[in-house]
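Q: sequence? don't have it. structure:
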């Protein structure tokens, strides 16, 4: 019998650098330097997507980011966030402070394995999500119209689906919705391919029933239970940011950054408030020729989760953020990002610049109308 020899690998080798040089991610919480807010500093080895992971953690904790400075040029990532709790106060709860340190440190250590899972996924833009395994996720996009959301829920009832939770965004006459459903008799995930095909076909018919079928871009799809890993509800009074990121991607896929379809009826939620909000958002793109950056400047009304929406959109459009600054005076917000495309080039064409401007404006505006339905409340929650 032939003897096979394998090289020996010390199981502690992967942690050798950390044992010699210290942890790859350091998080500092400073409650003394500034009187009215808490300063969160993150120093870490730079990894693509790390900025979004840190902002997601702060967003999921429902913290308000009033100012931020970001630098990730080269091999090191340095971030400073001025944050307040949901009541506008400094962070004094030790449990919250310790959670921030642990969550950001854990996110950094697990980033390599998360990215490996993302690369194995069919959709490289789809964010890493948490598996609950007790529901089936149904994703829907299409042309919005008055009463469509109610028609979708009536269709679920006719199909004997129990809706555990659902979230929908409407903007520029487009709708994106994610619903988490189970069988209404067994309360188990729906995994029968024939039944799933029937559900998708029925919902597609409902969404396509618009006054202008030629303008309708409709998609209904489900996520298999093995890979379905997201459910909203983390954080008090807010969605999990992974669900929000997926809604951003769905709205981007139906080009909600374009004007409403000609001849089609405006969405129930595309109200005067939305158009007023749009006029207060200004996006401009300049250049930093010495360093090869494009400079994206965003001026808008301030609101919660604004920074997450902007960064999420830039990253999903395949841009890398090297430096950034954000400040808010409570009513208005100013954001500035120094970016390049993932292939290393700046924004060179007017068409590319125009698309980035439209997508960022849409990302800020679309949250004006946000609809949530939770089983325990059995009601719709309209928020802006």
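A: Right, received. Where do you want to start? Keep in mind the model is a prediction, meaning the values are calculated, not measured.
Q: Can you show me the helices along this protein?
A: 16-21, 50-60, 94-109, 111-120, 148-158, 193-208, 241-253, 272-279, 306-316, 350-365 (DSSP state H).
Q: could you dump those helices to TSV with mean neighbour count, distance to residue 142 and mean pLDDT?
A: No exception for glycine: its C-beta is placed from N, CA and C like everyone else's. Conversion of those to TSV gives the following (neighbours: other CB atoms under 10 Å; distance: least, CB to CB, whole Å; pLDDT from 0 to 100):
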stretch	mean neighbour count	distance to residue 142	mean pLDDT
helix 16-21	10	49	48
helix 50-60	22	27	91
helix 94-109	15	34	82
helix 111-120	12	27	49
helix 148-158	16	8	92
helix 193-208	15	4	92
helix 241-253	22	10	89
helix 272-279	13	18	49
helix 306-316	23	20	94
helix 350-365	19	17	94
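Q: Of all those helices, which one comes closest to residue 164?
A: helix 148-158 (10.7 Å; CB to CB).
Q: what angle sits between the closest one and helix 193-208?
A: 150 degrees (axes from the mean of the first three to the mean of the last three CA atoms, to 10 degrees).
Q: Can you name every helix or strand that helix 148-158 contacts?
A: strand 161-171, strand 174-183, helix 193-208 (3 or more CB pairs under 8 Å, 6 or more residues apart in numbering; DSSP states H and E).
Q: could you dump the ones you listed to CSV with distance to residue 335?
A: CSV is the format used below for these (distance: least, CB to CB, whole Å):
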stretch, distance to residue 335
strand 161-171, 20
strand 174-183, 24
helix 193-208, 34
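Q: To residue 49, which of these lies closest?
A: strand 174-183 (21.7 Å).
Q: per-residue confidence averaged over the closest one?
A: Summarised as a single mean, pLDDT over strand 174-183 is 91.
Q: what's it packed up against?
A: So strand 174-183, by 3+ CB pairs under 8 Å, 6+ apart, packs with strand 136-143, helix 148-158, strand 161-171, helix 241-253.
Q: Partner strands of it and their direction?
A: strand 136-143 (antiparallel), strand 161-171 (antiparallel) (DSSP bridges).
Q: need those strands in a markdown table with mean pLDDT and distance to residue 63, can you?
A: Formatted as a markdown table, these follow (pLDDT from 0 to 100; distance: least, CB to CB, whole Å):
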| stretch | mean pLDDT | distance to residue 63 |
| --- | --- | --- |
| strand 136-143 | 91 | 27 |
| strand 161-171 | 91 | 21 |
